[in-house]
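Asks: just the structure for this:
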Amino acid sequence: MAQNFRNDIQRNVGTSGSAQTLVTGGNYDAVIGIRCCNTSAATISASVYIVNGGNNYFLAKDVNIPPNSAIELIQGGAKIVLKSGDVLTAYASTGSALDIITSYIDEIST
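Replies: Presented below is the predicted three-dimensional model:
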């Protein structure tokens, strides 16, 4: 069964006023990994959420990340499915202090 594995790499993600789009759902995509890394010398908080129908559904809200550390939001084989039009989005409490790598399967095959 062939799959289309993809990644999205975002550097210096901004604050809530300039939230960053990570992945826009197409034909039922599966997010299989989200790693958020604090690149600053101070603790920051990070939020990751799905925008669906104009509403925000948080996967993580204001999670503290110590300086020069990272968190993994999807672990142990868990997956988040994005349907067409869903937008996976993120922001940090401090501008230009968060790098995010998102791994996903584009258009899950049947």
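
Asks: which residues in this structure form strands?
Replies: Assigned by DSSP state E, the chain shows strands spanning 4-13, 20-24, 29-38, 44-52, 55-65, 70-72, 80-82, 87-92, 98-106.

Asks: need those strands in CSV with mean pLDDT, can you?
Replies: As requested, the strands of the chain are exported to CSV (pLDDT from 0 to 100):
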stretch, mean pLDDT
strand 4-13, 93
strand 20-24, 95
strand 29-38, 95
strand 44-52, 97
strand 55-65, 97
strand 70-72, 97
strand 80-82, 94
strand 87-92, 97
strand 98-106, 94
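
Asks: export the ones you listed to CSV and tack on mean neighbour count?
Replies: Placement of C-beta: from N, CA and C, glycine included. Putting the strands of the chain into CSV (neighbours: other CB atoms under 10 Å) gives the following:
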stretch, mean neighbour count
strand 4-13, 14
strand 20-24, 18
strand 29-38, 20
strand 44-52, 20
strand 55-65, 13
strand 70-72, 14
strand 80-82, 18
strand 87-92, 22
strand 98-106, 20
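
Asks: OK, contacts around Leu59?
Replies: When contacts are counted by CB atoms under 8 Å, 6 or more residues apart in numbering, Leu59 touches 34, 48-50, 73, 80.

Asks: what's the closest of those residues to Gly95?
Replies: Nearest to Gly95 among the contacts of Leu59: Val48, at 16.4 Å, using CB to CB.

Asks: what are the bridge partners for that closest one, then?
Replies: Following DSSP bridges, Val48 is listed with bridge partners Ala60, Ala90.

Asks: now do it against Ala41, distance only.
Replies: Remark: distance between Val48 and Ala41 (CB to CB, to the nearest Å) = 22 Å.

Asks: one more: Ser93?
Replies: Distance, Ser93 to Ala41, by CB to CB: 14 Å.

Asks: more neighbours: which of these two?
Replies: Ser93 (17 against 8; other CB atoms under 10 Å).

Asks: the more buried one and Gly17 touch, don't they?
Replies: No. At 11.6 Å, Ser93 does not count as touching Gly17 under the criterion of CB atoms under 8 Å.
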